[in-house]
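[1] sequence plus the predicted model coming up.
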There are 4 protein chains.
Amino acid sequence: MNRGQVHTGTNDDALSNRYKGELAEFLFGSERFARLFDMSELNGFIAPLTPTGKSSLVPNMPWYYSGTLLTVEYLTDPANVRAILPSDIELADEQPGAVAIIWADWQSCSEGGAELLDPIRSQYLEAFVVVRCKKNGVTYSRCVAIWVTKDFAIARGWFQGYPKKLGSVHVTRVFNHGKATPKLEAGAKLGATLAAYDHRLASAVVTLKGPSESNGFVNGHKMLHSRWMPSITPGAGNSMDQLIAMGGVDADLGQPWYGDAELTLGDSQWDELNSILPVKEILGGYYREVGVTFNGGTLIEDRSQNN
Amino acid sequence: MNRGQVHTGTNDDALSNRYKGELAEFLFGSERFARLFDMSELNGFIAPLTPTGKSSLVPNMPWYYSGTLLTVEYLTDPANVRAILPSDIELADEQPGAVAIIWADWQSCSEGGAELLDPIRSQYLEAFVVVRCKKNGVTYSRCVAIWVTKDFAIARGWFQGYPKKLGSVHVTRVFNHGKATPKLEAGAKLGATLAAYDHRLASAVVTLKGPSESNGFVNGHKMLHSRWMPSITPGAGNSMDQLIAMGGVDADLGQPWYGDAELTLGDSQWDELNSILPVKEILGGYYREVGVTFNGGTLIEDRSQNN
Amino acid sequence: MNRGQVHTGTNDDALSNRYKGELAEFLFGSERFARLFDMSELNGFIAPLTPTGKSSLVPNMPWYYSGTLLTVEYLTDPANVRAILPSDIELADEQPGAVAIIWADWQSCSEGGAELLDPIRSQYLEAFVVVRCKKNGVTYSRCVAIWVTKDFAIARGWFQGYPKKLGSVHVTRVFNHGKATPKLEAGAKLGATLAAYDHRLASAVVTLKGPSESNGFVNGHKMLHSRWMPSITPGAGNSMDQLIAMGGVDADLGQPWYGDAELTLGDSQWDELNSILPVKEILGGYYREVGVTFNGGTLIEDRSQNN
Amino acid sequence: MNRGQVHTGTNDDALSNRYKGELAEFLFGSERFARLFDMSELNGFIAPLTPTGKSSLVPNMPWYYSGTLLTVEYLTDPANVRAILPSDIELADEQPGAVAIIWADWQSCSEGGAELLDPIRSQYLEAFVVVRCKKNGVTYSRCVAIWVTKDFAIARGWFQGYPKKLGSVHVTRVFNHGKATPKLEAGAKLGATLAAYDHRLASAVVTLKGPSESNGFVNGHKMLHSRWMPSITPGAGNSMDQLIAMGGVDADLGQPWYGDAELTLGDSQWDELNSILPVKEILGGYYREVGVTFNGGTLIEDRSQNN
C-alpha cells in the first residue's frame, strides 16, 4: 500500500497508482505537495510509527498471554535485596530476603490474535528475577533482572519498567504422550536454564511433589517498576524518570504444583545474577499453566526532568 | 561479589562472608537493617541498574564504532517520505524523495574496550533506512526504520531515537586473500540482505565502479530523531515526547567507493519497507570502511506530558 | 615460548594422573608410549568419539520423542513425485501424487533422560515433506525434504536417511488457559511456518473441525530412505550408498483432530519446495500429540563402492 | 520449475504448464506415466537430491574459502592426545602433546560464487581443535573437535571427516578505522570465544607481537580424518568406515603475526574440551588472513562393512 495517495483526495481513477504521486508532484511541486500532507498522521503504539501503524514493534494494549511458569523461590541476604532497590523504596516487612526466579514459556498476542498464526511473532520465553519491596506502605513485587527471547517482548518490557535484555531461555515442557517428557505427577523433574552472551547465568531443576494452593508468594503483588530514559545530553539527568505500578488482569489460572528445587546462579562480565542475589536457602519450586492479560498500569511518581 | 558487605561498615573480619548478612539481620532486625542501606546507590547508564553498574545493557558514553557501510540510495515519491514524517517536520528542499538504505557491519565498544575481547558483545550488524527532512530551516537526516542483531544495539538506538527492531542482517565482506571474496576493485559485487521474523525485507547487490568523493548524500546530515514513551496509563499520551538531534564525532573514514546498485524491498505482516518507501529509481551504491564515536546529542523540542 | 619442557623428565614417584604421561614419555619415548595405549578405545555413537563417549553429538539408541504433529496433506502432480524419487523406486499405487508437510514440535532424549534437564539439548522443531512410494511391492513413506532447528537432530536424521538441513520452524501451541492460544476444539486455528537462510519456504493454517480416526495417510508407512556419502576422491562415486527402511516403535498416541488447511509454499535460491512439489489440491489438515521411540531399522539394499 | 515436463518429450506447447502433468496422467495413467520417468535423474552433491541439484545442502567441489585464522597452540599431556586417537593411529614423533585451537572467520562459496551475493549462505565461523599424529610413517594433522555456525559447513565437514557440531563462535575482527578495533600492530589484542548449548567451552586472547614466519606448526600437515556411519541395524558395526587424507590447495596467504596467548577451556555435560585436552603450557598465538580451496582428498583405508 502507498499512503501517499490516500491523502491526495483526488479522483483520478484513470491514473495508475504508479503515476499518482508523480502527478501530484507535477501539479504542485514537491514543497507545496509536502504541505498538503501536513495533516498526515503517524500511527503505532511504539516505534517505528507509520501511517498504518502496522510496523510498530508492539501493537496497542491489551496484550494476551498463555503459557507456563516454572518458579524457584529462595532466600538471599536482605542486604542484597536492599542493595538493588532504589533508595526511596523500602524492603518488604515479611521475608525481605525472599527472591523468585521464574521461567515463563509464553504464547502472546494482541486483539484479533494475528500473531498466533505467524507463531514466530507470538512465542517467546523469559527468565526473570523478582523481589518484594514496600512503597507508601504498600507491598509490591519488583523485577530486578529479566532476559527474553524476542524484540517485541523487550519493547513491551521497557514500557512496563522491566529491565529486559535478550537471553537464551529454556524450560522443560510437559507433554501427555511418550517417554521424552515429565508428566504432571509427583516425581516429575523440570529443568530450566538461562544464558546471555554465551554465559550460563542460571540452571534449575524442580521436582514436583503435588498440587498446591499457591504458586509462591514473591511474585504475588502488583509490580512496582521504574521507567527512565537518560537525557540525550550527557550528564543532564533523566528525560523520563517514573515509578509506576502494574499487574495482569483477567487471570485464568491452572492448578499449581509445588516441589523441591535446585538452583545454580552464575555471573559473567556482563551480568551479576549470582553476585547481586546469591542463594542462601532454597524455599521451593512451583509449576503452573497460566493465562493473563495486560492492559496498562498507574503512575506512582514522576521525577522526569524533560531535559 | 556481595554488595551487602560493602555497605555494612562493620569490621567483623572473623566472620565468613556467608554469615555477615545474617549477623546484621540478627543485630538490627531486617527493617532497621534496611535503613542502614538507605544510602545505597544504583549505577548504570540504562536498565538494569545495580550497585556496580556492570549489568547495565549499555555502558556510559562515549561509544566507539569500527566497521563497514554498504549504502544504496534511491528515489521514492516525495509523498511517501512526507507520509512517514511527523507533521511538524518538513520535507527537505532538495531531492525530498531521496532514500538511503544502509547495511552496517559493526564492531563497537565503550571506554576501555572490554567488549572487544568478548566479541559476541561487540559485534553486530544493522540495516537502516534514512530520509532527509527539515526542521527550523535546518536539513537533517532521519532514520525511519532499522533492524539490528543485538540487544545492546537496540537499547542504544532507543536512547538515540532510532526505531530499532531485531533483524537478520548480512552483508558480503571484503577480504584480501582467496577466491571467496570480492576485492576492493572495479567490478566487485557486494550483496546485502535483511529479514525480520523470517520474512525477507530487502536484498541488494552493489557492483563497485571506482573510488568516489562521497559516500552518498542522504545519510550525510545530523540525525533528527523522536524519542517517546507512552504513559503506562492507557490513552494518557506520552510520558516522554522529544525531538533530538545527534550525530557521530571523531570520524575516521576510509576511501569511499561508488557503484551500481540493485535493490529489492519487501513487506510482511509486521513490516512495510516496500509499501512505505518503494523504489522509483535507483541512484547508486557506496561502500566505505568507517570509524566513528557517539557521545550524545542535543534536545530540540520537548513535549513530554509527565503523565 | 619454551617447548623444551616437554622433553624434561620428572621424578615424582607418587604419580598423579597429571604427570603420568610425562613419565611414560620419559621412560619409553613417544612412539613406544603410543603402543602402550593401543588398547585405548574411543566411544560414542557418532562423531566426535572420545574415551568417555560423552561428546558424541548423538547418544546411543533408543531415542525417545514426545511432541505434537501438525500435518497438511495435499495433491501434487504424480509426475512431480516421480521426479524426486530415485529411478529404482516406484510411485505408490494409490494416490501417487499425495504429499504431506508436517510440523513437529519435539522434546526428545535418550536412555536416562539427561537431555530433559538441559532442555536446550532436548527441544527442537522440524518441518518435513513426505511422499509415498513402492519398492519390492511394498508401499513406503519417504521424506524428501526436511528442516530442523538443532544439530543433534541433523545428525540423527542423516543416520536415518532424512535429508536434513537447518531451518527456522514455528508452530502454534495449544495451551489450556488464557486468550493467546487456540484450544483443542472445533474452529481452533493453528499456524505453522518454515524458513531457511531467511527465505520463507512454507506457511500453513489448519482450522480444526473435530476429532478424527486418522492423522492422515501419507506419513503412515515405514520410511524408505537413502543414505549415501560421496567418496572423498572427486568423481569416484559413493563410498556409502544404501536403501534402508525404518520407523518408530512404541507409539503412544493422542487423539487426532482433522480440519481444513491452507498452505503456501515458496522457493529460494537454495530450496525448491514449491517447484518440486507444488500444491494442486489441499486434502486436509491434522493435529495430534504423539510419543514415539526410534531404535534402528533394516538394510534394504547396499550399493556402496567403498572407494 | 516443474521437472515433470522436462522429461515428457512431448511437443504440447499449447498446453499450459499447469495442465501438462494432468494430461500425461490422463493419457497414460499414473503407473505408466511413472515408468516414463524411469530415466529421471536426481542431482546434487549431498542430500537432498532433486532433478536440478539446486537443493543440495552442499554444491559440488571445489569450495573456496576467504577469511582469517586466530590460532592458539599449547601443550597437553601426550597421553591425552593418545587417548583421543584411534588405536591404529600413532602419536607424532615430535611434540606429540601439541594442540592447536583455531578460530576461523570464513566467507566461502562454490564455483560461480552465487553464495557471496546471499551472504547468509556464504559466511560462517568455526572453532576447531587440531592435534598431530602419524600413520604409515607420515605425520598428519587431525581435527578432534570442531564447532561451526551453519548447516552447510556441518555437511561439508562430515564429508571431510571433521567431527562437526553447531556452536556459537566469535572472534575479534581487525578493521582499519575507528577506535573499536585492534589494528594489525604489536600490542593488538584479539579475543575469541566458543560456546555450545549455552555452555562456554573456550575463551582466548591473543596479544600480537610482530610478523612471523609461520602460522604455527600443529595445523600444518595434511589432515588424517575418519569418516564413518553406523549401520541402521543396531549393533551391526559401521556401514562406512574410512580413513582419508585431505588438505587445501591454492593457498593464498597473508602475512602471519605471532603473539602471546591466554586460553581457558571448559567442559559441559555435552562437551569435554577441557577434560580431553587440558592446557599444560601455552606455546603462543597467531593471526593470519588466508584464502584456500578444497577439492577432495584421498582414501587411506576402508574398513566399511556394508551392513
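    Yep, it's here.
[2] going forward, measure contacts between C-alpha atoms and count neighbours the same way
    Fine.
[3] which helix or strand contains the closest residue to A:Glu289 other than its chain neighbours?
    Sequence neighbours aside, A:Thr68 is the residue nearest to A:Glu289 in space, at 4.2 Å (criterion: CA to CA, 6 or more residues apart in numbering or on different chains). Taking DSSP states H and E as the criterion, A:Thr68 maps to strand A:63-75.
[4] Provide the strand pairings for that strand, with the direction of each partner.
    strand A:98-110 (antiparallel), strand A:281-294 (antiparallel) (DSSP bridges).
[5] need the ones you listed in CSV (columns: mean neighbour count, distance to C:Met223 and mean pLDDT).
    Shown next, in CSV, are the strands paired with strand A:63-75 (neighbours: other CA atoms under 10 Å in any protein chain shown; distance: least, CA to CA, whole Å; pLDDT from 0 to 100):
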stretch, mean neighbour count, distance to C:Met223, mean pLDDT
strand A:98-110, 25, 34, 98
strand A:281-294, 22, 37, 98
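[6] of those, which is nearest B:Ala100?
    Between B:Ala100 and the strands paired with strand A:63-75, the shortest gap by CA to CA is with strand A:98-110, which sits at 32.6 Å.
[7] now do the closest one: distance to the chain's middle.
    8 Å (CA atoms, centre = their mean, to the nearest Å).
[8] stretch A:199-212 too?
    21 Å.
[9] tell me if that stretch is near chain B.
    No: using CA under 8 Å from any CA of the partner chain, stretch A:199-212 never reaches chain B; the gap is at least 10.6 Å.
[10] list the buried residues of that stretch.
    A:His199, A:Arg200, A:Leu201, A:Ala202, A:Ser203, A:Ala204, A:Val205, A:Val206, A:Thr207, A:Leu208, A:Lys209, A:Pro211 (16 or more other CA atoms under 10 Å in any protein chain shown).
[11] do the same with stretch A:77-92
    A:77-87, A:89-92.
[12] kindly report the same for stretch A:168-180.
    Those would be A:168-180, for stretch A:168-180 by 16+ other CA under 10 Å.
[13] list just the nearest of the residues you listed to chain C.
    A:Gly178 (3.5 Å; CA to the nearest CA).
[14] test my guess that that closest one contacts C:Gly254.
    No: checked against CA atoms under 8 Å, the pair A:Gly178 and C:Gly254 is beyond contact range at 9.7 Å.
[15] could you list which of the buried residues of stretch A:168-180 also contact chain D?
    Contacts with chain D within those, as defined by CA under 8 Å from any CA: A:Ser168.
[16] closest one of the buried residues of stretch A:168-180 to chain D?
    A:Ser168 (7.5 Å).
[17] ok, now which ones touch that closest one?
    When contacts are counted by CA atoms under 8 Å, 6 or more residues apart in numbering or on different chains, A:Ser168 touches A:Trp147, A:Val148, A:Thr149, A:Thr193, A:Leu194, A:Ala195, A:Ala196, D:Asp198.
[18] which among those residues gets closest to chain C?
    Nearest to chain C among the contacts of A:Ser168, with distances taken as CA to the nearest CA, is A:Thr193, at 7.0 Å.
[19] so what's that closest one up against?
    If you count contacts by CA under 8 Å, 6+ apart, A:Thr193 has them with A:Ser168, A:Val169, A:His170, A:Val171, A:Arg200, A:Leu201, A:Ala202, A:Ser203, A:Ala204, C:Asp118, C:Pro119.
[20] same check, this time on A:Pro234
    B:Met61, B:Asn295, B:Gly296, B:Gly297.
[21] quick one on the thing from earlier: show me the subset of the buried residues of stretch A:77-92 that also lies near chain D.
    Answer for these near chain D: none qualify (CA under 8 Å from any CA).
[22] which of those fall within strands?
    Among these, the members found in strands (DSSP state E) are A:Glu90, A:Leu91.
[23] what's the closest of the buried residues of stretch A:77-92 to A:Asn215?
    Among the buried residues of stretch A:77-92, and counting by CA to CA, the member closest to A:Asn215 is A:Ala92, at 19.0 Å.
[24] beta partners for the nearest residue to the closest one once chain neighbours are set aside?
    Leaving aside its chain neighbours, A:Ala92 sits nearest to A:Cys133 (4.3 Å; criterion: CA to CA, 6+ apart). Beta-bridge pairing for A:Cys133 (DSSP bridges): A:Leu91, A:Tyr140.
[25] A:Cys133 contacts A:Cys143, correct?
    No: using CA under 8 Å, A:Cys133 is not in contact with A:Cys143; the gap is 10.3 Å.
[26] out of these two, which sits in the busier spot?
    A:Cys133 (26 against 23; other CA atoms under 10 Å in any protein chain shown).
[27] in three-state terms, label the spatially most central residue of chain A for me.
    What sits nearest the mean C-alpha location of chain A, by CA atoms, centre = their mean, is A:Gly157, with 3.6 Å. Applying DSSP: H, G, I helix; E, B strand; the rest coil to A:Gly157 yields a three-state assignment of helix.
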